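In: sequence? don't have it. structure:
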């Protein structure tokens, strides 16, 4: 497999989910190194901290690794998996990544892309094909099994490419207001409604003076 990125150019896997949720939020967190916490992010952080403290488990037909380091030089990604279960099969152990999320399943594919990226990292690291993983949602207390099909793999690779383009540009996108802004901890800092109004007024004045 061709190595496209060096170790010092690897970007965080979690940034893929941020990019698909909002490119501006992604840039604020990962380029400008800003962080604003609210109740939702605090609950998510606490959940991940609990999972990462679990260490490892070993059973007859299953081994479980927590907070497992991951990387992919092909995609230019690095991060840590909440949980990777290794299921016993005839030829050895089959990895099954599990990502923990605070809320409930989303309508978009941002969580699935983050999980698929973990699987692609594991495939590169272990030279194995991984067909499935799961998202565990704290609000429903249920797992959502995810198939790593060609469509999801293509979207994940494309999102990784877009993420590197965003970082290479070094520019934070302008705000675009939508209903999901109300669930974002950056809303008070980003001020999407106010910024968009200023842009509209500025565009109007430019047209008047042209």
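Out: Right, received. Where do you want to start? Since we're looking at a predicted model, the values are computed, not measured. Numbers count the residues shown, from 1 in each chain.
In: what residues of the strand ranked longest in the chain count as buried?
Out: Ranked by number of residues, the top strand in the chain under DSSP state E is strand 77-89. Buried positions in strand 77-89, judged by neighbour count with 16 or more other CB atoms under 10 Å: 77, 78, 79, 80, 81, 82, 83, 84, 85, 86. (Each C-beta comes from the backbone N, C-alpha and C, glycine too.)
In: can you give me the buried ones in the longest helix seen in the chain?
Out: Looking across the chain with DSSP state H, the single longest helix is helix 150-169. Applying a neighbour-count criterion of 16+ other CB under 10 Å, one finds 152, 153, 155, 156, 157, 159, 160, 163, 164, 166, 167 buried in helix 150-169.
In: circling back: could you list every helix and strand in contact with the longest strand of the chain?
Out: With contacts taken as 3 or more CB pairs under 8 Å, 6 or more residues apart in numbering; DSSP states H and E, strand 77-89 sits against strand 11-12, helix 39-52, strand 62-72, strand 92-101, helix 110-126.
In: quick one on the thing from earlier: what angle separates the longest helix of the chain from strand 62-72?
Out: 40 degrees (axes from the mean of the first three to the mean of the last three CA atoms, to 10 degrees).
In: what average pLDDT does helix 150-169 get?
Out: The pLDDT scores in helix 150-169 average 97.
In: run the chain-centre distance for that helix.
Out: On the basis of CA atoms, centre = their mean, to the nearest Å, helix 150-169 sits 11 Å off its chain's mean C-alpha point.
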